[in-house]
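J.: Make a model of this:
(2 chains)
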Amino acid sequence: MIKNLNRFGIVAAVSLLALSAQAQEKLRLLTWADYTPKEVVDAFTKETGIQVEITLSNNEEMISKLRATQGAGFDLAQPSQDRITGPQAEFGIYKPLDLSKIDSKLFIGSMLEATKKNTTLDGKVYGLPHIWGTDGLVVNTKVAPGVKDYLDLCGAEVKGKASLRAKRPTLIAFAFAMGEDPFKAYSDEKAYAALMDKVGTKLSACKANLKFFWDGKDALLAGLRAGEVTAAMAWDTGGWKLNSENPDLKFIAPKSGALGWVDTFAIPAKGRADDAAYKWINFNMRPEIAAKVAASAGNFSASQGADKLAAGKLKDQFAESFPQAAIDNIKWYPAVPAGLEAIEGKVLDKVKAN
Amino acid sequence: MSAAISSGQGRAAARLGLFLLLLPAILWLGLLVVLPHVEMAILSFSQRIRAGVYGFGFGNYLEFLTEPLYWRTFGRTAIMSILVTLITLVISFPVALYIAKVARGATKPILFLMCLIPFWASELVRTLGWMMLLRETGVASYLMQLAGLTYGPVELLYNDGAVILGLVYGGMLFMIVPLANALESLDDSQVEAGYDLGGSGFTVLRRIIIPHAMPGIVAGSIVVFMLSVGNFVTPVLLGGKNGLWFTEQIYAQFITRFNWPQGAAFGFMLLLLSTLIVWAGLRLTGQGFSETLRRS
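T.: Numbers count the residues shown, from 1 in each chain, chains lettered A, B, ... in the order given. Okay, here's the model as predicted:
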């Protein structure tokens, strides 16, 4: 009995030791759905011995979570490049990146430079590009062939069967579709507020046409599959996923331009495993790994050479959705200055409440 | 001498015992209820001056009062919650009356259990269940088409009716339990006496049963109203593009706008205004709060 107890004690002590050893080598990652295929995580753990603890989130929640702890609780986050400098100026939730620890040859040069520029605050770089894609229209081309631009979501053809998000990309998209340039108005708070009011009025009038404001991607995809929704503003990923199941459902780059986003790597201010974070970044940007992640997310990688390894289907779908003119017409988000989100928030509240 | 000391020690020990017994409750209230509220109160009075700099001010409360959007949303939430409370009361009263007065023997606990069973699943799961029933390609729409009531699918989800349905369903248990408790103590002979004296069924209900059940009605109504006003999941999932609930505004301020001070101020307005509504309700029906607590 005593012998057994002893043995039990030894086993317990050993497993505790093992646990604490693991706890030291752990990367707490705050990321998006589908960015961390199991295969990639397992390969990383096998190579480095570092455990990866994944929390799925979105832009707003990432900022809120980090804000709540002043940047603690996670070792690496993946906000979009336009949402870094604003919250950083406001809440100081990230730490500057040590670019010497990054293998910059792994990145597509132009994208790396553009992202660095967009995420620089007081001369320090806070973000590196990882995955990019666009926001546009997912349309059931059989039922609603006339939907070509964001404002067509308010047309009679999709009455009661359109959907969009009550979030900032929708405001930006509608502003472009109305012939304005919201990005130019970024620098002038008053002009921006006036523009957003105009967009808000348009959206309120459009609301009768909507089935619902979508929030989670799955709810929207289910609606499109069931035919309850026939046209929606959504990410290209979702459109291509549906296209593989039903060729009538297509992702369309809108006439006034698809909205281009880049999700980044950023290190939270109180992250405890910076080395692991840099290892994860370099590991993820290797072409063969990046291709796997891109296939899982259904989007494109900022990794140099990953596109050559991408699956054929996605390439074809991209080519169909994006003729060269549509690529040139992509509107890339510039960094959002602090304070604009409050203006947008109020407009969205009004749209939802009216 | 020694007896006095020991009795003094005894009293001190008793006091210490009492203190230790109360300690968990004090810690619970202090650390988990009072402290966060104080923190929130301080937060709600801070105002953004520029990036990263905050100062003291009443701006967040003024924003609520001057922006029609916010108090309209609150008004809508309050009115719908009152409606939910009334509907829940009307539906639950016969059920509670049956459980308390008609059901006998083993039926009674079984009926209570049947009211309780839906609560074994979480609120989220129950609400998702309603979504499956009510959506355009869902069960209710399918059955209605099968019965020939409609041509083509009908959308029953994403409107105020669906929100009220969900909230009433979620609130019924909290109405039935206090009602059944209050009705149980009603002496059958009083009801018989009412009939003997020539009262109609309605008169007996109005003059004998309802007055007796009043503490239960008040307690149940307060709970259901507070649960509805503060609900988040049901309005978000079942409500449509027009159905903004006040808790959604609070969530939006905290999570999507990063404006914690404004969210904290909204939270306090919700607490204050819903308390006022409960107080007004008690006043209108001539019920005292302490009386209700004592009797139910």
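
J.: give the contact list for the residue nearest the centre of chain A.
T.: Here the mean C-alpha position of chain A is nearest to the C-alpha of A:D263 (CA atoms, centre = their mean), at a distance of 5.0 Å. Applying CB atoms under 8 Å, 6 or more residues apart in numbering or on different chains, we find A:D263 in contact with A:W32, A:Y35, A:Q78, A:P79, A:S80, A:Q81, A:P129, A:H130, A:I131, A:W132. The way it works is simple: take the backbone N, C-alpha and C, and place the C-beta from them, glycine included.

J.: wait, doesn't the fourth one sit right on A:E60?
T.: Just to be clear, that refers to A:P79. No - counting by CB atoms under 8 Å, A:P79 sits too far from A:E60 to count as a contact (9.6 Å).

J.: These two: which has the busier surroundings?
T.: The neighbour comparison of A:P79 against A:E60 (other CB atoms under 10 Å in any protein chain shown) goes to A:P79, with 28 against 19.

J.: residues in contact with the residue lying closest to that one once chain neighbours are set aside?
T.: Excluding the flanking residues, the one nearest A:P79 by CB to CB, 6 or more residues apart in numbering or on different chains is A:M62, at 5.2 Å. Going by CB under 8 Å, 6+ apart, A:M62 touches A:L30, A:A77, A:Q78, A:P79.

J.: Could you measure from A:M62 over to chain B?
T.: Distance, A:M62 to chain B, using CB to the nearest CB, to the nearest Å: 11 Å.

J.: pLDDT score for that residue?
T.: A:M62 carries a pLDDT value of 92.

J.: got the domain boundaries for the chain?
T.: Assuming you mean chain A. As given by automatic domain parsing, the domain ranges for chain A are A:2-132+A:261-319, A:133-260+A:322-353.

J.: not what I meant, chain B
T.: B:1-32, B:61-295.

J.: just the residues of the stretch 151-300 of chain A that are near chain B, which are they?
T.: Residues of the stretch 151-300 of chain A lying near chain B by CB under 8 Å from any CB of the partner chain: A:G160, A:A166, A:K167, A:K207, A:L210, A:K211, A:F212, A:F213, A:A226, A:G227, A:E228.

J.: go again using 7 Å as the cut-off
T.: Counting by CB under 7 Å from any CB of the partner chain, the residues of the stretch 151-300 of chain A close to chain B are A:K207, A:L210, A:F212, A:F213, A:A226, A:E228.

J.: what stretches of the stretch 1-150 of chain A score poorly on pLDDT?
T.: A:1-24 (pLDDT under 70).

J.: Could I get the full set of helices for it?
T.: A:2-24, A:38-48, A:59-68, A:85-91, A:109-118 (DSSP state H, counting those that start in this stretch).

J.: residues making contact with stretch A:136-152?
T.: The contact list for stretch A:136-152 (CB atoms under 7 Å, 6 or more residues apart in numbering or on different chains) reads A:153, A:155, A:157-158, A:173-174, A:177, A:224, A:230-234, A:236, A:238-239, A:242, A:248-256, A:258.

J.: Go ahead and flag the most central residue of chain B.
T.: By CA atoms, centre = their mean, chain B has its centre lying nearest to B:L227, at 2.4 Å.

J.: Show the average pLDDT along the helix or strand containing that residue.
T.: Per DSSP states H and E, B:L227 falls inside helix B:210-229. The predicted model assigns helix B:210-229 a mean pLDDT of 92.

J.: if I pick B:E184, what's in contact with it?
T.: Counting by CB under 7 Å, 6+ apart, the residues that B:E184 touches are B:A100.

J.: Summarise which helices and strands the longest helix along chain B is packed against.
T.: When chain B is parsed with DSSP state H, its longest helix is helix B:68-97. In terms of contacts (3 or more CB pairs under 7 Å, 6 or more residues apart in numbering or on different chains; DSSP states H and E), helix B:68-97 is packed against helix A:340-353, helix B:59-66, helix B:160-184, helix B:210-229, helix B:246-251.

J.: anything in the helix or strand just after the fourth one near chain A?
T.: It refers to helix B:210-229. Using DSSP H and E, the helix or strand that follows helix B:210-229 in sequence is helix B:233-238. No - Helix B:233-238 lies apart from chain A when judged by CB under 7 Å from any CB; the minimum separation is 8.3 Å.
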